[in-house]
Structures are given as C-alpha cells and as structure tokens.
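Visitor: Have a look at this prediction, sequence included:
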Amino acid sequence: MNTSIRQIHPVFVGEVSRIDIARPLSPEEVAAIEAGMDRYAVLVFRDQQITDEQQMAFSRNFGRLEDARGGNITRPEDKRLQVGMNDVSNLGKDGRPLDRASRERAFNLGNMLWHSDSSFRAIPAKYSLLSARVVNPKGGNTEFADMRAAYDTLDADTKALIEDLVCEHSLMYSRGALGMSDFTEEERAMFRPVRQRLVRTHPVTGRKSLYLASHAGGIVDMPVAEARILLRDLTEHATQPGFVYAHTWRPWDLIIWDNRQMMHRVRRFDESQPRDMRRTTVAGDAPTVAQVQAA
Ligand SMILES: [Fe+2]
C-alpha cells in the first residue's frame, strides 16, 4: 500500500489514507507514520475497525505502552477495560454512563480542560492513540492546539523569560481547578507534583514548543499567583483559534497525537448517552528535567 498523508488544517494535522492499522505494519509504514507525526503532530485515520488487542499492537510500533497506574482515581477492580487500555469513556464497569454525582465522573470532567496526557508523570507520554468505538450523539469533539506554533509566535522577551522555567504538574492542580479537593492520603501521594520544563525541544525535529497543561499549578522559584497568571496567559495565547483543530468524531476514527508538542481537550457532550473512547498511550523515554527526590 502507498500510504499518503494530506494536511487538513492550515498549521498542523494530517489525514492518513491507504492504510489498515488492524494488521501488522511494514517498517516503511511505521516510518511514514513517525515522519508524519514529526511534521503534523496529529494524524487522523478514518474507518479503522479494531479490537483492543489490535490497538495495543499498533501502538507498540511507536514504543512501549505506558503503565496507566497513578493516572486516575478508579480502583483497579472497578476498571471496565484490560490493562494497557486507558478508558476515556463516560462509562462504568457495567457499561452504563457514570452517575452524575459520582467522583469518577467529576474526575473525568478534567479531560475537558486543556492538557497534555501524563504531564503529571516524571517521564511524560510520547503519543496518545484514541479510538472512537461509540460516538456520542451530541458534542464531544476533541480539540488540539499546536504548541509549536504557540512557541514560535511568542515575542522575544517572553521567550527569554520562559526559556529555563520549570513547572510543577499534578492531577490535583487540574482537578483542583474544578473544585475537587477531597483527595485521600493515598491519592495525594500518588498525585505528588512532578517537574517539567516549560519549553521543550522535539528530539527529532529540534523544534521548540510550549509544554503546558491544566495539570501545571506552579513554577519553581516563582510566587504561586504570579506563576498561575503567566501559565494562564501562555495558555490563552497557545489556544487561540488559529492554532486549534476541532475533530468531529465518526465511529472507528483513530487519532494519534504527540503529547510533547500538543495540548488537547474534550468538549461537552450528552452524558446520559454513551461515549466509548479508548486510548493507548506510548510512554516517553526521559524526564524533561531532573526531579526533586522525595524527602
Ligand atoms: Fe487527554
């Protein structure tokens, strides 16, 4: 097959055609996708009917799968999907939409804030791969923001100001912004903040990008209020409409994005109806900055 990629947004995002990701890929196909990711940072694949096993096998072409532990408040015995799959649906283990008042649902609403997957881990994620199994009847678009374009268009003073800044990321910051503060001792330990550079350089292309997420709640050696204003300003700049692609899902769409150069968020949808989205996550290979050892 002659896989081809067509850019579908003025700044980024490619749509891949003539490929079947349900079967093993050739080295040439894997290389074409990697090169497409380096260039477009988001790739859309249409009409890919896959099982969870096929999604995991496809994902492993790009690295090892991330260990999902520590990424949410759902207990292992309450999980709907097997290890290796991240459940980003609105469904409980019984297959029904989560109760409106449930803590899990409140936690999941955090996906509607701009973020980069796993920026709350010391070694943050490389790619995320999201497969649409059941599309919600109303809303539920996923939006992507190009953090390379965001960096490129900063003024020189701002670039100089932020070049060496280090942020503190935690799920407690993003959920705290939604009014969630009832974390257990165990969760507080699991969600302990990690450090991330604010400016990242892509290992292949050398392009710089802003590394932001709603998980970022502080900047090292900066008063909290000042840090949060700066993060908010940068996020507003980074998510201006010209840098954003909104994807309207069809069943069996699969999207790969590079968390090192993108932010994303889900938009509101009808939570009384299912939205079954399944994610695999390819682990990153190094921290962005040295971590502080726990006392
Ligand atoms: Fe996400």
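Guide: Thanks, I have it. Numbering: from 1, shown residues only.

Visitor: Spell out the residue ranges of the helices in the stretch 101-250 of the chain.
Guide: 103-108, 147-152, 156-162, 171-176, 185-190, 224-238 (DSSP state H, counting those that start in this stretch).

Visitor: Now render these as CSV, adding mean neighbour count, distance to Arg60 and mean pLDDT.
Guide: No exception for glycine: its C-beta is placed from N, CA and C like everyone else's. Shown next, in CSV, are those (neighbours: other Cβ atoms under 10 Å; distance: least, Cβ to Cβ, whole Å; pLDDT from 0 to 100):
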stretch, mean neighbour count, distance to Arg60, mean pLDDT
helix 103-108, 17, 26, 96
helix 147-152, 22, 26, 98
helix 156-162, 12, 35, 98
helix 171-176, 22, 26, 98
helix 185-190, 12, 26, 96
helix 224-238, 15, 31, 98
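
Visitor: Could you report the neighbour count for Asn141?
Guide: By other Cβ atoms under 10 Å, 15 other residues sit near Asn141.

Visitor: Likewise for the one 4 residues further on?
Guide: When neighbours are defined as other Cβ under 10 Å, Ala145 has 26 of them.

Visitor: Give me the pLDDT value at it.
Guide: pLDDT for Ala145: 98.

Visitor: Show me the beta-bridge partners of it.
Guide: Beta bridges link Ala145 to Val244, Met263 when assigned by DSSP bridges.

Visitor: about what we covered before: in TSV, list the helices of the stretch 101-250 of the chain along with distance to Glu271.
Guide: Formatted as TSV, the helices of the stretch 101-250 of the chain follow (distance: least, Cβ to Cβ, whole Å):
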stretch	distance to Glu271
helix 103-108	7
helix 147-152	29
helix 156-162	37
helix 171-176	18
helix 185-190	23
helix 224-238	25
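
Visitor: How about the contacts made by the residue nearest to Asp270 when sequence neighbours are not counted?
Guide: Distances taken as Cβ to Cβ, 6 or more residues apart in numbering place Lys138 nearest to Asp270, at 4.2 Å, with adjacent residues excluded. By Cβ atoms under 8 Å, 6 or more residues apart in numbering, the residues touching Lys138 are Phe269, Asp270, Gln273.

Visitor: And Ala283, by the same measure?
Guide: Gly63, Arg64, Leu65, Glu66, Asp67, Ile123, Ala125, Lys126.

Visitor: hmm, try it at 6 Å
Guide: Gly63, Arg64, Glu66 (Cβ atoms under 6 Å, 6 or more residues apart in numbering).

Visitor: do the same with Ser131
Guide: For Ser131, the contact set (Cβ under 6 Å, 6+ apart) comprises Gln55, Leu254, Arg278.

Visitor: Leaving out sequence neighbours, find the closest residue to the last one.
Guide: Nearest residue to Arg278, sequence neighbours excluded (Cβ to Cβ, 6+ apart): Ser131, at 5.0 Å.

Visitor: Please apply the same query to His215.
Guide: Distances taken as Cβ to Cβ, 6+ apart put His169 closest to His215, at 4.1 Å, once the chain neighbours are dropped.
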